[in-house]
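Colleague: Got a sequence here, can you model it:
(2 chains)
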Amino acid sequence: MVYHWPPVLETFLQTLMDGLAVGSLYALIALGYTMVYGILKFINFAHSDVFVLGAWLSYSIAVSGGLSADPATPITPWVWWAAGVSVGVAVLMQLYDRVVFDRLPIGARERLPAPGMGTTFTIVSVWGWIAIGLVLLARGIGEGSLPQSTARTVSGGVILIAAMAACGLVGFSLERAAYKPLRKAPRLNVLITAIGVSLLLQNAGQLDWMFGTRPQGMPTLLPDLTLATFGGDNGASPVKLQLIDVVGAGTAVVLMILLDILVFRTKLGRAMRAVSFNDRNASLMGIPVDQVISFTFVLGAVLAAAAGFLFGQKYSGLNQTAAPIWVLLGLKAFVAAVVGGIGNIRGAMLGGLLIGSAEMFAKRYQSPAIADIYVFVILILVLLFKPTGLLGTRLQEKV
Amino acid sequence: MAELRIQARELRPSLVPTAALSVMPFATVLLLAIVAQLVLAPWMVANHWDFQAKIGLDIATSIVLAVSLTMVNGFTGQFSIGHAAFMAVGAYASAMIVYYGSFRLLGNVNMNGGLVSSMIFEPARTAPILTLADGLFALSLIVGGLVAAICGYVVGLPSLRLKGDYLAIVTLGFGEIVRVLVQSQTTEVLSEGSSVTQEHLDSISAWSALTTDDTMMAEQIAKVPWYLWPRYTGGALGFGGLPSYTSLFWVVLAAGVTLVVAFRLKRSSFGRAFLSIREDEIAANSMGVNVTAYKVRAFVIAAFFAGIAGGLYAHTTGVQLKADELGFQKSFDIIIMVVLGGLGSISGASVAAIIVTILPELLRKPETLGDCWPWGLGLLVVGIAIAIGMHRAKRSAALGKALITTGAVALFLSAIALLAAHNKFDIGPYRMVLFAIALVAMMLLRPQGLFGVQEIWDRGLWREIFRKAPAKRGGPAA
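Modeller: Numbering: from 1, shown residues only, chains lettered A, B, ... in the order given. Here you go, the predicted model:
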């Protein structure tokens, strides 16, 4: 007699997998919230709009590059150009940083941006190299005979990198233009500014020359593959392990590991933690506080852009930028950051997975309409019993 | 001891003048509301100022909201970003009472109000001044406020444990829970022609699948126990078919009462306890202020007024009551008003409420905005003249500066509108973009808000006219 899995288990596993897939997206967004909160102690409500921008930018790049929602349509070789341009930009930035700046007269140096963004630029250039590597790989397979699915996947990587770079730039500019002048202002003011920036991004995104007011379908760049199925021999729908879920969660996990290494193993990460602990003392110790803060914003925006790209790949339908659904998504990511312990990077990852799973379980086992209630009830319960979040440390009250 | 007691009794103000004094402002507000309803509203109707009248209702509701949030954010320094949730609770409570109460008491949900709750005068001229429906509406406003206040108590309690941002996040979570709960209800509103096929109403045997008649409807609604009313609030589709009872009378009354209460609160020892918590919680605690109790009280009072504003909002003409509209973006709108006016400034919050309500509407119709350039120019010229005159007379040029700023902003906006109109450029999509830019610019250029923590008259637009400007240090002695 063959043993049949009970369908309960299949539903459970499928829900868990869905939850982890969504949760890794939440975690990526939550990281941006939590890093900015950890350093500046303010809730960056514009962060979810950077995520939306990431999703829409990857759509625009894909469409302007000739990709369409139909996988049969051949792609134009813009990928080559994009990779070349990204490397070129990275090289120019490095040149400015390491060669040009030192040779400038002092008067010009004071007026031009400082070269402290070297690390960011390095990362950009590394992305560029990864991109060109992917392209060379694709070319090696054979320019004309490259299978369409491979070409689409490669261009997906390039789109991801380009959207991350663009959003990083946006994050940098936002911080410099809107938040930096308010570093010493009351926190409510900074919050209102964040809301203003959020409104700006939402409504500017709906202009005709930006993304427009109509929802669009993101071209899926990964083949619709089911890697493994599990169960289903007793009439229940089998558990499916989709390629997109694996790639999405994998990208998220890789990025999070990189971030963890960056924050806890490198000098820059130590500087970030120092600024987060006490920015005044950090600046006395010679840490360039402004640049560290800028870098934090860039990092958060980059992760949000990656989440936006992955969201587009998983759900493919992109609502217009001011749609309430985006706000709710960003809000849930923010809840994830708080539940994990805001300001704590590992907490954001834990919180994201927790909130994502909770939402999916509520959706599956109760009605989708009230799934969000569970998210917010978890939030309130966690805050009531552990006010600094699951992994947060208790702060000493100072008089 | 006995002597002291006698002295104390003599010192105590006698009851009648005190009572008169405390009633006076409310009586004035009532008078103003009556005047607004009897003079202003017919005038607006006669001039076909329907749109302006609607904006007027919105402005007054916004003032109630902004001033009530000032009590929490401005006075007590507690950071609430879920204020619209209290508004939603009040709105739905009031809407349920008016809608289903009207069916029970009056047999239909038509416009049964008297003169006080009517914005359209021609058919209603012969109507009585007050009807049962008006009473029901007033009652629903108060009950809505009370229900919201109870919610305020429930949300205020977590502030026992939480501080600052965490409290803000809890209020945000509460707001979202309210929204999702309302939206997850059935989309049915029991009304004429609605098909009622809810399984938990099967027990009501006489329920027919389709009703088209008011009296039949009323009979059937009478069979729905009141605790099931919240199930039938339209869910995600919104609560439709509410009678529009909100008139200038009610909004002026509500805004006036809110303002009087807020001003009195700020001057009272009760309000000073709020202010002390804002300034320094630990110091306030050590001076004997029960910090937790006062925080919860601030929440309760603010929630009460927000609930009333919700009731007014629900019954405004052209409003379809929807939980989506009262989500946290609405809360942000209210916070924007409070911060723009200056944290803790009641008059500032009111002025900001007016600006925030009018500005997007003005940008919606750029041609009207373009027409206001003579006003801007006039203000600019008068402001420059006053500034020069005051400078010559060695007095404060505050009034001149304020006029110049206002005039310049008005000129700038009308110039944009005129340019757009001239080039056949549709400014409509840029409305919210401009608003967002204005908001960020305001925070960057004037972080303390329009009036800081003071009231308008403390800042002395008109008080400083009569006061000498401080002598410049190091300047030649006059």
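
Colleague: switch to C-alpha atoms for all contacts and neighbour counts from now on
Modeller: Noted.

Colleague: residues from the stretch 51-200 of chain A in reach of chain B?
Modeller: Within reach of chain B by C-alpha under 8 Å from any C-alpha of the partner chain, the stretch 51-200 of chain A has these residues: A:178, A:181-182, A:185, A:188-190, A:192-193, A:195-197, A:199-200.

Colleague: what stretches of the stretch 101-250 of chain B score poorly on pLDDT?
Modeller: B:120-127, B:159-161, B:186-225 (pLDDT under 70).

Colleague: count of residues packed around B:E361?
Modeller: Number of residues near B:E361 (other C-alpha atoms under 10 Å in any protein chain shown) recorded here: 14.

Colleague: Confirm that it sits in a helix.
Modeller: Yes - counting by DSSP: H, G, I helix; E, B strand; the rest coil, B:E361 is located in a helix.

Colleague: before we move on, which element is A:F264 in?
Modeller: helix A:243-265 (DSSP states H and E).

Colleague: Relative to the whole chain's centre, how far out is that helix?
Modeller: In terms of C-alpha atoms, centre = their mean, to the nearest Å, the centre of helix A:243-265 is found 10 Å from the chain centre.

Colleague: can you tell me the average pLDDT over it?
Modeller: For helix A:243-265, mean pLDDT is 86.

Colleague: Show me what counts as buried in it.
Modeller: Judged by neighbour count using 16 or more other C-alpha atoms under 10 Å in any protein chain shown, the buried positions of helix A:243-265 are A:243-245, A:247-249, A:251-253, A:256, A:259, A:263.

Colleague: Check stretch B:38-50 too.
Modeller: The neighbour-count check on stretch B:38-50 (16+ other C-alpha under 10 Å) flags B:38, B:40-42, B:44-45 as buried.

Colleague: In helices only, show me those residues.
Modeller: The members of the buried residues of stretch B:38-50 that map onto helices under DSSP state H are B:41-42, B:44-45.

Colleague: Closest one of those to chain A?
Modeller: Distance to chain A across these (C-alpha to the nearest C-alpha) is lowest for B:M44, with 33.4 Å.

Colleague: check contacts around B:L359.
Modeller: If you count contacts by C-alpha atoms under 8 Å, 6 or more residues apart in numbering or on different chains, B:L359 has them with B:F435.

Colleague: make that B:L377, sorry
Modeller: Going by C-alpha under 8 Å, 6+ apart, B:L377 touches B:407-408, B:411.

Colleague: follow-up on the earlier one: which is the next helix or strand following the helix holding A:F264?
Modeller: Next helix or strand after helix A:243-265 toward the C-terminus (DSSP H and E): helix A:267-277.

Colleague: What is that following helix packed up against?
Modeller: Packed against helix A:267-277, as judged by 3 or more C-alpha pairs under 8 Å, 6 or more residues apart in numbering or on different chains; DSSP states H and E, are the following elements: helix A:7-40, helix A:243-265, helix A:279-284, helix A:289-315.

Colleague: can you redo the ones in helices among the buried residues of stretch B:38-50 as TSV with pLDDT?
Modeller: TSV is the format used below for these (pLDDT from 0 to 100):
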residue	pLDDT
B:A41	82
B:P42	81
B:M44	82
B:V45	79
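
Colleague: how about the residues of chain B near chain A?
Modeller: Contacts of chain B with chain A, taken as C-alpha under 8 Å from any C-alpha, map to B:158, B:161-162, B:166, B:170, B:173-174, B:176-177, B:180-181, B:183-184, B:282, B:332, B:335-336, B:339, B:429-430, B:432-433, B:436-437, B:439-440, B:443-444, B:447.

Colleague: Poorly predicted segments of the stretch 251-400 of chain B, please.
Modeller: Applying pLDDT under 70 to the stretch 251-400 of chain B picks out residues B:365-368, B:396-397.

Colleague: Report the contact partners of the residue in it that chain A sits nearest to.
Modeller: At 6.6 Å from chain A, B:I336 is the closest residue in the stretch 251-400 of chain B, using C-alpha to the nearest C-alpha. Taking C-alpha under 8 Å, 6+ apart, we find B:I336 in contact with A:I192.

Colleague: now do B:I129
Modeller: Residues in contact with B:I129 (C-alpha under 8 Å, 6+ apart) are B:114-116.

Colleague: That one and A:A333, how far apart?
Modeller: Computed as C-alpha to C-alpha, to the nearest Å, the B:I129 to A:A333 distance reads 53 Å.

Colleague: pLDDT score assigned to residue 68?
Modeller: Chain wasn't specified; assuming chain A. The model reports A:S68 with a pLDDT of 64.

Colleague: nope, chain B please
Modeller: In this prediction, B:S68 carries a pLDDT score of 95.

Colleague: next one: B:K401
Modeller: In this model, B:K401 is scored at 76, pLDDT.

Colleague: ok, now A:W78?
Modeller: 55.

Colleague: show me where the stretch 101-250 of chain B has helices.
Modeller: B:132-156, B:164-183, B:214-223, B:248-267 (DSSP state H, counting those that start in this stretch).

Colleague: Which elements pack onto the helix or strand hosting A:V154?
Modeller: Secondary structure assignment for A:V154, by DSSP H and E: helix A:148-174. Applying 3+ C-alpha pairs under 8 Å, 6+ apart, we find helix A:148-174 packed against helix A:47-64, helix A:78-95, helix A:118-141, helix A:289-315.

Colleague: Which of those has the lowest mean pLDDT?
Modeller: Lowest mean pLDDT within these: helix A:118-141, a mean of 59.

Colleague: Which single one of the contacts of B:I129 is nearest to chain A?
Modeller: The nearest member of the contacts of B:I129 to chain A, counting by C-alpha to the nearest C-alpha, is B:V116 at 37.1 Å.

Colleague: follow-up on the earlier one: now a PyMOL select for only the buried ones of the residues of chain B next to chain A.
Modeller: To isolate in PyMOL the members of these that are buried, counting by 16+ other C-alpha under 10 Å, one can use:
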select buried, chain B and resi 158+162+166+170+173+174+176+177+180+181+183+184+332+335+336+339+429+430+432+433+436+437+439+440+443+444+447
